[in-house]
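**Q** could you work out the structure for the sequence below:
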Amino acid sequence: MRLVKSIYLLILLFSTFTSSSQVKRQVSKDTAITFKVYGVCVQCKERIEKVVKGKGVRYAVWNEVSKQLSLIYDPTLTTLDKIENRIVNAGHDLENKKAKNSVYNDLPTCCHYRDISFVNSTDKQLNLKINNSDIADISKDSNVHTGAGELQDSSKYIKGVVLETGSRGDFVPLQGATIYWLGTNSGTTTDSSGFFSVKVQTGSKRLVVSYTGFTQDTLLVINQEELKIILATDKKLTEVIVSSHQRSRYLLTLNPIRTEIITEKELFKAACCNLSESFETNPSVDVSYNDAVTGSKQIQLLGLSGNYTQLTIENLPGPRGLGTPLGLNSIAGPWVESIQLTKGIGSVLNGFESIAGQINVELKKPENSESLYANLYINDFGKTDLNLDLAKKISRKWSTGLLLHDDLLANKNLDFNRDGFRDLPTGNQFNLVNRWKYDDGKGVLIQLGIKALHDTRTGGETAYNASNDKNTTHHYGLGINTDRDEAFAKVGYVFPGKKYKSIGLQLSAFDHSQHDYFGLTTYDARQKNVYSNLIYQSIINNTNHKFKAGISFQYDKYQEDFNMNKYNRTEVVPGAFFEYTYSHTDKFNVVAGFRTDRNSLFGFFMTPRLHIRYEPVKGTTIRLSAGRGQRTANIFAENSSVFVSSRQLNIVSPQPGKAYGLDPEVAWNKGISIDQKFKAFSKDGLLSLDYFRNDFSNQVVVDLEDPRQVKFYNLQGLSYSNSFQVELNLETLKDLNIRLAYRYFDVKTTYSGKLLQRPLTAANRAFSNLAYAVNRWKFDYTISYNGTKRIPGTSINPPPYQLEDHSPAFVLMNAQVSKTIGRKLPMDLYIGAENLANYFQKKAIIAADQPFGPYFDASLVYAPVFGRMFYVGWRLKIK
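**A** Numbers count the residues shown, from 1 in each chain. As a prediction, the model looks like this:
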């Protein structure tokens with residue numbers, strides 16, 4: 001009840017803070033007037049209305065199409081001449097006054113209205129007419145093609161034609177219609193054939209279309225390259241026909257760094273309560289439980305655990321260090337706008353820690369999000385998720401958003417395999433994000449925000465009662481209590497008239513604390529982090545040669561207490577980087593980066609990275625990458641699964657002055673990928689193959705080969721991973737998409753002198769996803785085959801407490817059906833099931849009957865720990 005009241009209070013505060021005050025005005029002395037002011041775009045509108053609204057002006061609205069400014073002002077406080085002078089001094093001509101050329105020339109390029117011939121509403125209709133077949137001819141002659149272009153790729157162009165319906169039902173091209181990207185300086189006008197071509201702008205998806213005599217409208221354009229826009233005879237934009245639809249998952253075509261974009265549409269294919277469930281329909285990423293009792297999950301990329309994948313939130317540090325075990329569970333799925341997945345090494349701009357890849361999560365932005373987005377989820381285990389996203393535009397420059405999440409599980413008797421232990425811990429998580437954005441439209445951009453998380457979990461035996469059994473051997477129990485507070489800021493400036501030149505500063509800080517116990521084992525820890533990154537970007541002679549350079553700073557203070565043994569350290573890492581990009585043609589691109597850093601514990605080190613993209617023929621893209629990564633292992637937080645066992649912890653040959661007495665982990669990653677576009681069934685298809693290899697020059701080895709202990713030591717010998725994947729994406733019928741994939745891992749590490757396969761990692765995995773949409777219904781089905789996995793040795797245990805050397809292979813199936821209802825207020829209803837085949841690990845805990853004995857171990861998990869689960873949900877979006 002207290003939580004509900006807290007959420008209500010937050011919403012009330014948000015509404016109160018962002019609502020506009022109502023001010024009563026006396027208008028008895030006011031004068032109303034309308035006159036022409038020359039301008040051409042949305043920035044002109046903002047500028048004109050801003051300069052006009054001075055002392056004595058009650059109301060000012062400028063119409064971009066008619067060029068008419070409507071004013072209401074008090075003649076006792078100001079004069080019309082003063083108002084006109086303010087407009088002219090801002091660079092905009094009037095019919096009776098003209099702005100100075102120097103002031104006009106300083107306006108952004110899109111605001112140069114003197115270069116455009118305006119069409120008045122009194123002009124006669126164009127005589128040139130075309131029929132339906134001519135539309136295809138225009139597209140053909142203009143090299144318009146249907147494809148899966150991405151709006152993030154700024155070298156692409158959106159092309160199309162603007163028409164109106166003639167009196168005979170045929171089409172008449174509109175010359176001089178204005179087309180521009182909302183909130184940008186980029187736009188164009190249609191030619192005599194009604195044709196236009198406008199360059200895609202990164203981050204902008206809304207295209208504004210206006211023409212004299214017709215109502216201006218804003219169109220959401222995602223992944224389209226060919227548009228046919230028809231203006232109805234009733235002078236209102238009513239129909240937009242697009243030649244391709246948004247893809248839920250795609251690659252950035254011209255980026256040398258192979259980056260896969262996972263959109264919100266893809267996330268809707270599953271319940272996606274948190275980030276750990278965002279990859280259920282992705283064949284590249286594996287998500288599994290760390291153990292049989294804590295409920296924490298980890299990802300695997302390229303056959304390596306999630307510790308080697310850099311996780312960032314909008315290119316700022318995400319859950320890392322102590323936040324690793326529950327990090328994926330702490331980011332709510334409905335908060336996510338998109339996910340950027342990179343295999344192999346990433347850019348030097350984001351640091352040096354990426355080894356297997358990078359996952360960057362983009363949260364919903366207040367300036368382009370729904371004003372309200374609500375999501376309710378409940379499953380038959382009794383788990384409930386509540387999400388509420390709010391966004392508000394405060395003024396032309398300021399916008400704010402509030403993201404809320406709460407989940408609750410109170411079912412203490414969830415025990416599929418009847419071993420007496422809860423398959424998931426009970427408890428509650430509440431977290432929020434409040435963010436603010438400032439954009440003055442002149443190049444200054446500021447983002448500010450805070451985050452807070454409170455998470456409490458209780459697990460163990462179903463009979464465990466914390467008030468009676470904690471710190472005793474009556475019943476085995478565990479408690480995980482986490483609090484995390486964060487703040488972040490981004491400040492950027494784009495130089496006027498030089499869009500290629502900018503400078504940005506990224507700042508973040510967090511305080512993470514947790515107080516845990518696992519039976520009689522205790523673990524208390526705290527991490528304080530400060531991060532900053534200053535980036536300057538410009539060109540060398542021309543835009544074919546770009547560069548980014550900057551300096552970074554990272555501070556981490558760790559205080560860990562494991563069974564009364566303290567492990568404290570402070571790491572301070574200043575660094576500098578430089579990245580060069582060559583992009584002379586669409587066929588060949590290069591990104592070469594280098595950074596040098598100094599770790600206060602390990603000294604100086606260098607990080608070179610190289611990415612090459614080559615397109616020998618249209619539709620065939622080859623990428624190569626190579627580079628170095630380095631990270632400090634957090635052996636407790638990253639291996640908390642061993643806490644739920646009777647293993648003794650052993651750090652072999654620790655060296656004073658280093659993190660846990662161990663060296664940093666260093667690896668070299670090399671990779672190649674080939675992406676081939678093709679046509680099948682008159683639809684677009686994509687065949688992708690990739691191969692990556694990691695070689696560790698040093699690794700902190702986690703050795704579980706002795707069931708009585710877990711050993712941590714520096715690598716002595718070889719450690720490598722080979723990853724090969726082939727994936728096919730195809731739309732066979734209208735709105736039926738098929739995704740097929742096969743992946744092979746060869747991952748080996750030297751354990752106590754023996755080169756062995758990495759435990760609990762399947763060498764083979766096959767994957768298929770079917771997605772079909774019709775009449776506001778969506779159907780999604782995913783099936784995956786998981787091959788056998790090596791299990792660390794248990795042969796010295798008594799026979800009842802032994803496991804096989806290898807796990808059996810198994811198949812998992814998930815399905816979901818969703819329906820959009822309502823027209824004025826559309827909402828989604830969805831129902832689904834996970835693990836339809838009801839496969840789960842029968843013996844997930846060794847010696848569950850003796851949890852305080854020497855053989856107890858809940859860390860050797862190779863399959864789901866619970867069976868079939870059903871869920872229902874509801875989504876509501878209000879724009």
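
**Q** what's the helix or strand for residue 48?
**A** helix 42-52 (DSSP states H and E).

**Q** okay, buried residues for that helix please.
**A** 42-49, 51-52 (16 or more other C-beta atoms under 10 Å). The way it works is simple: take the backbone N, C-alpha and C, and place the C-beta from them, glycine included.

**Q** and the least confident of the residues you listed?
**A** Here the lowest pLDDT out of the buried residues of helix 42-52 sits on residue 42, with 74.

**Q** packing partners for the helix holding residue 48?
**A** When contacts are defined as 3 or more C-beta pairs under 8 Å, 6 or more residues apart in numbering; DSSP states H and E, helix 42-52 sits against strand 57-62, strand 68-73, helix 80-89.

**Q** what is the first one packed up against?
**A** With contacts taken as 3+ C-beta pairs under 8 Å, 6+ apart, strand 57-62 sits against helix 42-52, strand 68-73.

**Q** looking at those, which is closest to residue 722?
**A** Closest approach to residue 722 among the helices and strands packed on strand 57-62 (C-beta to C-beta): helix 42-52, 52.1 Å.

**Q** thinking again about what came up before, of the buried residues of helix 42-52, closest to residue 449?
**A** Nearest member of the buried residues of helix 42-52 to residue 449, counting by C-beta to C-beta, is residue 46, at 24.7 Å.

**Q** thought the closest one was touching residue 396?
**A** Yes. With contacts counted by C-beta atoms under 8 Å, residue 46 reaches residue 396, the gap being 5.7 Å.

**Q** and the residue nearest to residue 871 when sequence neighbours are not counted, how far from residue 111?
**A** For residue 871, ignoring the flanking residues on the chain, the nearest one in space by C-beta to C-beta, 6 or more residues apart in numbering is residue 379 at 3.9 Å. For residue 379, the distance to residue 111 equals 54 Å [C-beta to C-beta, to the nearest Å].

**Q** and what of residue 769?
**A** Residue 769 is 47 Å from residue 111, by C-beta to C-beta.

**Q** over to residue 581?
**A** In terms of C-beta to C-beta, residue 581 sits 30 Å off from residue 111.

**Q** and residue 442, by the same measure?
**A** 12 Å.

**Q** of the two, which one has the most company?
**A** residue 111 (19 against 13; other C-beta atoms under 10 Å).

**Q** can you read off the pLDDT for that one?
**A** For residue 111, pLDDT reads 80.

**Q** hmm, it is touching residue 39, no?
**A** Yes. Counting by C-beta under 8 Å, residue 39 is a contact partner of residue 111 at 6.8 Å.

**Q** name the residues of stretch 322-341 that are buried.
**A** Buried, per 16+ other C-beta under 10 Å, within stretch 322-341: 322-336, 338-341.

**Q** and after the helix or strand bottoming out on mean pLDDT in the chain, which helix or strand comes next?
**A** When each helix and strand of the chain is scored by mean pLDDT, DSSP states H and E, helix 132-141 comes last, with a mean of 30. Downstream of helix 132-141, the next assigned helix or strand under DSSP H and E is strand 157-165.

**Q** neighbouring strands - and their directions - for that following strand?
**A** strand 171-173 (antiparallel), strand 195-199 (antiparallel), strand 226-231 (parallel) (DSSP bridges).

**Q** restricting to C-alpha, output that strand in PDB.
**A** Listed next in PDB are the C-alpha coordinates belonging to strand 157-165 (Å, rounded to 0.1, in the frame of the first residue of the first chain):
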ATOM      1  CA  TYR A 157      17.700   9.600 -48.800                       C
ATOM      2  CA  ILE A 158      13.900   9.500 -48.500                       C
ATOM      3  CA  LYS A 159      12.400  10.000 -52.000                       C
ATOM      4  CA  GLY A 160       8.900  10.300 -53.200                       C
ATOM      5  CA  VAL A 161       6.200  12.300 -54.900                       C
ATOM      6  CA  VAL A 162       3.500  14.700 -53.600                       C
ATOM      7  CA  LEU A 163       0.200  14.800 -55.500                       C
ATOM      8  CA  GLU A 164      -3.300  16.000 -55.200                       C
ATOM      9  CA  THR A 165      -6.400  14.300 -56.500                       C
END
